[in-house]
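A.B. asks: I need the structure of the sequence given here:
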Amino acid sequence: MSDSAVFSDDHRSIRVLAGLWERAPQALALFTPGGRRIRYANPAFSRLAGASAAQLQGATVLGVLGKAARPVLSEALRDLQSGQVETVSLEFDVEIPLRPRRRVEGRMEIVPVSEKRRLGALHLWDVTPRHETEDELRGTLARLRQVVEGSPYPVVVTDARGVITRFNRGAEALLGFSAAEVVGRRYIQDFYEGNAAREVMERVRDPQHGGEGVLERYEAILITRSRERVPVWLTVHLLYGENGAEAGTVSFIHDLRHVMELERRLEEVQMQLIHADKMASLGKLAAGVAHEINNPLGGILLFGGLLLEDLDFSDPRRSDVDRIVQEARRCKEIVNSLLDFAHQRRRYQEPVDLNAALSQCMELLGGKALFHNIRVRRELSDDLPLVVGNPSQIKQVFTNIVTNAVDAMDGEGELILRSGCDPDEGTVWVAFTDTGPGMSPGVRQRIFEPFFTTKEPGKGTGLGLSLSYNIMRMHRGDIRVESEPGRGTTFTVVFPVPEEERCEP
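C.D. replies: You can find the predicted model right below:
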């Protein structure tokens with residue numbers, strides 16, 4: 001036994017105990033309960049205190065382990081000396097100048113060493129590595145929680161039974177529930193439409209859908225608090241416990257509504273490009289055809305008129321010649337429409353009051369027999385900003401749309417005229433809503449095609465809306481259509497507004 005094992009007492013019992021503790025990995029010190037002076041310290045205690053056995057001899061147990069240990073050890077001694085407890089568990093930091101800080105756990109007790117003597121015993125274990133690992137783990141978990149909670153994308157974590165254990169802010173925003181309402185209280189399948197939850201679990205366990213325990217880009221429908229159906233992509237990972245058993249899932253959710261809206265807009269743009277290309281080709285063709293047809297039509301009208309002048313009113317051939325002249329004039333109107341469609345040239349432009357232009361069109365059209373059973377309701381905005389355009393062409397657009405609306409209602413119904421401005425887009429608009437039969441999606445996609453019409457033969461050329469679309473394109477505007485079978489149709493004509501004329505938000 002080394003000389004440092006025993007400081008001042010050569011009692012046999014202490015020597016026996018010292019022999020057992022000399023090589024113990026835990027730090028151990030014996031001290032007098034009254035004076036709190038150290039009587040024995042094993043090598044592990046010396047290393048922990050940063051002092052040799054000689055330096056520790058007679059030192060107080062409260063003074064060798066640093067300031068942080070003093071209140072903890074003092075309270076433990078008071079409890080032991082009161083006789084209320086036999087052992088006190090300890091945990092504190094050892095802070096000694098010029099030495100690294102250590103975290104220790106242990107216990108303190110008062111043990112008999114002879115019939116008449118009792119000594120305090122301090123057992124300490126250095127748990128600094130474990131404590132640092134736990135701190136690092138707690139920090140990592142805290143950072144992960146911050147990442148998950150701060151993510152704008154919805155993340156939902158469940159246990160093995162499907163009960164939700166984490167519900168981040170993105171999930172709250174998407175589904176309309178707070179985390180307090182969901183965590184520990186609801187199953188994730190409550191938010192799926194149909195039996196999608198069961199299919200998700202079947203696929204996530206199948207390595208063919210993204211790997212072992214992974215399901216990638218599964219398309220599903222989630223139901224929000226307001227009962228809205230939200231299309232989403234799911235990426236689901238299985239979570240495993242220490243024994244390798246399934247412990248739950250984590251689902252990363254991507255809202256598809258924005259993607260679907262972009263796809264819809266892209267499809268519209270593609271259709272507009274196709275339509276514009278088709279219109280350009282038809283315009284070139286129409287220009288050539290119209291010029292070739294105009295000359296013979298002029299001859300037919302001229303000689304037809306001369307024949308009418310020569311025929312008496314009682315002549316039975318007069319009605320046939322009159323029919324020839326009428327049909328020739330109708331052909332000439334179609335040819336003129338083709339020329340307007342084909343030229344695509346910008347006419348003179350000036351400030352135009354859309355409300356006034358619409359009122360003038362209705363004054364001209366209102367006297368027609370087809371309008372007699374049509375109720376017209378006007379909801380026009382006051383102080384509508386002026387637009388720059390050609391008044392005649394704009395009136396032609398309004399006339400074509402109103403005429404089509406009245407024809408669709410078959411002479412009976414209600415036509416609603418509305419106007420307004422959109423300060424965010426910098427536009428003004430005029431909307432025409434009829435109570436007619438509406439249009440199917442197939443018809444709605446083709447209404448701006450030249451010569452496409454749903455009217456009976458002889459009642460329409462199919463050029464009105466095509467010409468209107470062309471005019472609006474020349475005015476850097478747009479025509480938008482909303483229609484469903486059985487729910488009527490709304491045409492909205494949109495014009496850009498000069499910067500100085502834009503309405504206030």
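A.B. asks: List the residues that contact residue 33.
C.D. replies: Neighbouring residues of residue 33 by CB atoms under 8 Å, 6 or more residues apart in numbering: 77, 80, 81, 110, 118, 119, 120. In this view, the C-beta of every residue, glycine as well, is placed from N, C-alpha and C.
A.B. asks: quick one: it is in a strand?
C.D. replies: No. Counting by DSSP: H, G, I helix; E, B strand; the rest coil, residue 33 is not part of a strand but coil.
A.B. asks: on that earlier part again, got TSV for the contacts of residue 33, with neighbour count, secondary structure and pLDDT too?
C.D. replies: Listed next are these as TSV, based on neighbours: other CB atoms under 10 Å; DSSP: H, G, I helix; E, B strand; the rest coil; pLDDT from 0 to 100:
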residue	neighbour count	secondary structure	pLDDT
77	20	helix	89
80	18	helix	89
81	12	helix	86
110	17	strand	88
118	13	strand	85
119	21	strand	87
120	24	strand	89
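A.B. asks: ok, of those, which one's closest to residue 223?
C.D. replies: Closest approach to residue 223 among the contacts of residue 33 (CB to CB): residue 80, at 62.5 Å.
A.B. asks: Is the nearest residue to the closest one once chain neighbours are set aside bridged to anything, and to what?
C.D. replies: Spatial nearest neighbour of residue 80, chain neighbours left out: residue 110 (5.3 Å); criterion: CB to CB, 6 or more residues apart in numbering. Applying DSSP bridges to residue 110 gives these bridge partners: residue 120.
A.B. asks: Was I right to think residue 110 contacts residue 117?
C.D. replies: No. Contact status for residue 110 versus residue 117: not in contact, 10.9 Å apart, counting by CB atoms under 8 Å.
A.B. asks: Does residue 38 fall in a helix, a strand, or a coil region?
C.D. replies: Going by three-state DSSP: residue 38 is strand.
A.B. asks: got any ranges where the stretch 351-500 of the chain has weak pLDDT?
C.D. replies: Within the stretch 351-500 of the chain, the stretches with pLDDT under 70 are 366-370, 450-463.
A.B. asks: Could you pull out the strands in it for me?
C.D. replies: Residue ranges of the strands in the stretch 351-500 of the chain, as given by DSSP state E, counting those that start in this stretch, are 374-379, 387-389, 413-422, 427-434, 478-483, 489-496.
A.B. asks: Now do the buried residues in the shortest one.
C.D. replies: Residues 387, 389 are the ones in strand 387-389 that count as buried (16 or more other CB atoms under 10 Å).
A.B. asks: try the last one
C.D. replies: Judged by neighbour count (16+ other CB under 10 Å), strand 489-496 contains these buried residues: 489, 490, 491, 492, 493, 494, 495, 496.
A.B. asks: How about stretch 390-408?
C.D. replies: 390-391, 393-408.
A.B. asks: Inside helices: which ones of those residues?
C.D. replies: Among these, the members found in helices (DSSP state H) are 391, 393-408.
A.B. asks: Just list the residues touching the residue nearest to residue 87 when sequence neighbours are not counted, thanks.
C.D. replies: Sequence neighbours aside, residue 109 is the residue nearest to residue 87 in space, at 4.6 Å (criterion: CB to CB, 6+ apart). By CB under 8 Å, 6+ apart, the contact set of residue 109 is 80, 86, 87, 88, 120, 121.
A.B. asks: How far does the helix or strand harbouring residue 198 sit from its chain's centre?
C.D. replies: Using DSSP states H and E, residue 198 maps to helix 196-204. With CA atoms, centre = their mean, to the nearest Å as the basis, helix 196-204 stands 23 Å off its chain's centre.
A.B. asks: now that helix: mean pLDDT?
C.D. replies: Taken as a whole, helix 196-204 has an average pLDDT of 87.
A.B. asks: could you give the angle of the helix or strand following that helix to helix 196-204?
C.D. replies: Following helix 196-204 in sequence order, the next helix or strand is strand 214-223 (DSSP H and E). Per axes from the mean of the first three to the mean of the last three CA atoms, to 10 degrees, the angle that strand 214-223 makes with helix 196-204 is 170 degrees.
A.B. asks: Which strands and helices lie in contact with strand 214-223?
C.D. replies: helix 196-204, strand 229-240 (3 or more CB pairs under 8 Å, 6 or more residues apart in numbering; DSSP states H and E).
A.B. asks: what sits up against the last one?
C.D. replies: I take that to be strand 229-240. Outside strand 229-240, the residues within contact range by CB under 8 Å, 6+ apart are 157, 174-175, 193, 200, 204-205, 210, 213-224, 246-257, 260.
A.B. asks: Quick check on those residues: which are buried?
C.D. replies: Looking at these with 16+ other CB under 10 Å, the buried ones turn out to be 157, 174-175, 200, 204, 210, 213, 215, 218, 220, 222-223, 248-256.
A.B. asks: can you tell me how far the residue most central in space within the chain sits from residue 268?
C.D. replies: With distances taken as CA atoms, centre = their mean, the chain has residue 255 as the residue nearest its mean C-alpha position (4.9 Å). Relative to residue 268, residue 255 is positioned 21 Å away (CB to CB, to the nearest Å).
A.B. asks: can you give me the end-to-end distance of stretch 107-116?
C.D. replies: With CA to CA, to the nearest Å as the measure, the first residue of stretch 107-116 is 23 Å from its last.
A.B. asks: now stretch 57-74: mean pLDDT?
C.D. replies: Stretch 57-74 comes out at a mean pLDDT of 90.
A.B. asks: my guess is residue 484 contacts residue 438, does it?
C.D. replies: Yes. Assessed by CB under 8 Å, residue 484 is found in contact with residue 438 at 5.1 Å.
A.B. asks: Quick check: residue 50 touching residue 96?
C.D. replies: Yes. Using CB under 8 Å, residue 50 is in contact with residue 96, at 5.1 Å.
A.B. asks: how many other residues sit next to residue 107?
C.D. replies: 14 (other CB atoms under 10 Å).
A.B. asks: How about residue 166?
C.D. replies: Per other CB under 10 Å, the neighbour tally for residue 166 reads 17.
A.B. asks: Okay, and the beta partners of it?
C.D. replies: residue 157.
A.B. asks: residues touching it, list them.
C.D. replies: Residues near residue 166 by CB under 8 Å, 6+ apart: 148, 155, 156, 157, 179, 183.
A.B. asks: Same check on residue 167?
C.D. replies: So residue 167 contacts 156, 157, 177, 179, 182, 183 (CB under 8 Å, 6+ apart).
A.B. asks: Many thanks, have a good one.
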